[in-house]
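# Give me the fold of what follows.
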Amino acid sequence: MDCTTIKKISVILLAAMLLAACSTKPKRVEDIVEMRKQAEAQLDMGNKMSDQGNNREAMKLLDEAQRLARVTDDPSLIIRTSLSRGNVLLILLQSNDALKEFESALSESTRINNRELIAVSRIHISRYNLLADKSLAQTVKDEVTAEIKLIKSDNLYIAFAWRVIGLAENELGNFKAAEAAVMKALAIHEKDRYLEQAAYDWFMIGSFRSQDKNYPEAVEALNQAIVLDRRIENSYGLASNWRALGVVYARMGNAEESRAAYLRSAQIFRGMGDSKTAQETEERIKD
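Sure thing, here's the model as predicted:
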């Protein structure tokens, strides 16, 4: 074999080695975490869709978020997607499946010994127990008051815990304490610009004030919720707020304002394509 041939073979081998090196080089870090980024995006969008009352669509997004969390074997994502799925399943009245998600989140949190996520998971289970049995209100209040101290890094979960305390106080008939608890959640949501959540805080406060027969301030709270939901174009929130106003005005003996609020709520529900809820809302109008 002459020198020219040897040189040609050497060049070919070198080129092949370079091509192989190019094809097998490690992926960049941002490429490696792409699926986790997608899961976070799906989780965030699923939560947002649920806030806006579109829970069927929210479940599709959260199902995909959970799938991606599992295939990337990311414990934090697995836990958080389970908690969000459980919340939506509760709204969809699939209580047993919701509890399984909360218990799964607690199991995974315990496995990785993450005390903060253990606390968050227990708070979700406490809220589930309160919804299932109102007589547990004092127990739930005590549990969540203890667990909230262990949450340090996620303001949204701290706000969620204050809401649960508010619900427990409400069941105990402590309406002022219930409002004070949800006000703490509201301060977090307003500061961090979670406006859907802030609007719902005002909705809750309006409900507590109404049960306390403080009707004028209940109307004020619900109007605050309307302002925020209007700003972010949350139709479900708007329809719910107007329906709640219909209830409050009826309790005040203001039939005309009550009728107008119910009709406005029904119009929004119908515009969203929810004719069933629109009809149910209209049926609340007293002749």
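
# Centroid-nearest residue for the chain?
With distances taken as C-alpha atoms, centre = their mean, Asn47 lies nearest the centre of the chain, 4.4 Å away.

# Now do the domain split for this protein, please.
39-113, 132-192, 196-287 (automatic domain parsing).

# Nearest residue to Arg230 in space, please, no chain neighbours.
Leu238 (6.4 Å; C-beta to C-beta, 6 or more residues apart in numbering). Quick note: C-beta positions are derived from backbone N, CA and C, even for glycine.

# My error: substitute Arg251 in the last question.
Tyr215 is the one closest to Arg251 (C-beta to C-beta, 6+ apart), at 6.1 Å.

# isn't that neighbour right next to Val248, touching?
Yes: if you go by C-beta atoms under 8 Å, Tyr215 and Val248 touch, sitting 5.6 Å apart.

# which one of these two has more residues nearby?
Val248 (23 against 17; other C-beta atoms under 10 Å).

# Report the contact partners of the more buried one.
Listed by C-beta atoms under 8 Å, 6 or more residues apart in numbering, the contact partners of Val248 are Gly206, Ser210, Tyr215, Ala218, Val219, Leu222.

# mind running it again at 10 Å?
Shown in contact with Val248 (C-beta atoms under 10 Å, 6 or more residues apart in numbering): 206-207, 209-210, 214-216, 218-219, 221-222, 254, 257-258, 261.

# Quick check on those residues: which are buried?
Neighbour counting with 16 or more other C-beta atoms under 10 Å marks 206-207, 209-210, 214-215, 218-219, 221-222, 257-258, 261 as buried within the contacts of Val248.

# Which of the residues you listed sits closest to Ala69?
Taking C-beta to C-beta as the measure, Ala69 sits nearest to Ser207 out of the buried ones among the contacts of Val248, at 34.0 Å.

# Quick check on that closest one: phi, psi?
Phi and psi for Ser207, reported as degrees, to the nearest 10, are phi -60, psi -40.

# can you tell me which residues contact the residue lying closest to it once chain neighbours are set aside?
Take Ser207 and drop its neighbours on the chain: the residue closest to it by C-beta to C-beta, 6+ apart is Ala244, 6.8 Å away. Neighbouring residues of Ala244 by C-beta under 10 Å, 6+ apart: Phe203, Gly206, Ser207, Ser210, Ala218, Val219, Ala221, Leu222, Ala225, Ile226, Ala261, Ser265.

# helix or strand for the nearest residue to Ile118 once chain neighbours are set aside, which one?
In space, Ile118 comes closest to Ser109 once its chain neighbours are excluded; the distance is 4.4 Å by C-beta to C-beta, 6+ apart. Ser109 belongs to helix 95-111 when assigned by DSSP states H and E.

# List the buried residues of that helix.
In helix 95-111, counting by 16+ other C-beta under 10 Å, buried: Ala98, Leu99, Glu101, Phe102, Glu103, Ser104, Ala105, Leu106, Glu108, Ser109.

# now these in TSV, with distance to Leu89?
Formatted as TSV, these follow (distance: C-beta to C-beta, whole Å):
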residue	distance to Leu89
Ala98	4
Leu99	9
Glu101	6
Phe102	9
Glu103	12
Ser104	12
Ala105	12
Leu106	16
Glu108	17
Ser109	19
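
# Filter the buried ones among the contacts of Val248 down to just the ones in helices.
Gly206, Ser207, Arg209, Ser210, Tyr215, Ala218, Val219, Ala221, Leu222, Glu257, Ser258, Ala261 (DSSP state H).

# Now do the contacts for the fifth one.
The neighbours of Tyr215, taking C-beta under 10 Å, 6+ apart as the test, are Gly206, Arg209, Val248, Tyr249, Arg251, Met252, Gly253, Asn254.

# gap between it and Gly253?
9 Å (C-beta to C-beta, to the nearest Å).

# Can you show me the CA trace of stretch 46-62 as CSV?
Presented in CSV, the C-alpha positions along stretch 46-62 are these (Å, rounded to 0.1, in the frame of the first residue of the first chain):
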residue,chain,number,x,y,z
GLY,A,46,-54.1,23.0,34.6
ASN,A,47,-54.3,24.9,37.9
LYS,A,48,-55.3,28.1,36.1
MET,A,49,-58.0,26.3,34.0
SER,A,50,-59.4,24.9,37.3
ASP,A,51,-59.4,28.4,38.8
GLN,A,52,-61.5,29.5,35.9
GLY,A,53,-64.0,26.6,36.3
ASN,A,54,-62.9,24.5,33.3
ASN,A,55,-62.1,21.4,35.4
ARG,A,56,-62.6,18.8,32.6
GLU,A,57,-59.9,20.6,30.5
ALA,A,58,-57.8,21.1,33.7
MET,A,59,-57.7,17.3,34.2
LYS,A,60,-56.4,16.7,30.8
LEU,A,61,-53.5,19.1,31.4
LEU,A,62,-52.8,17.7,34.9
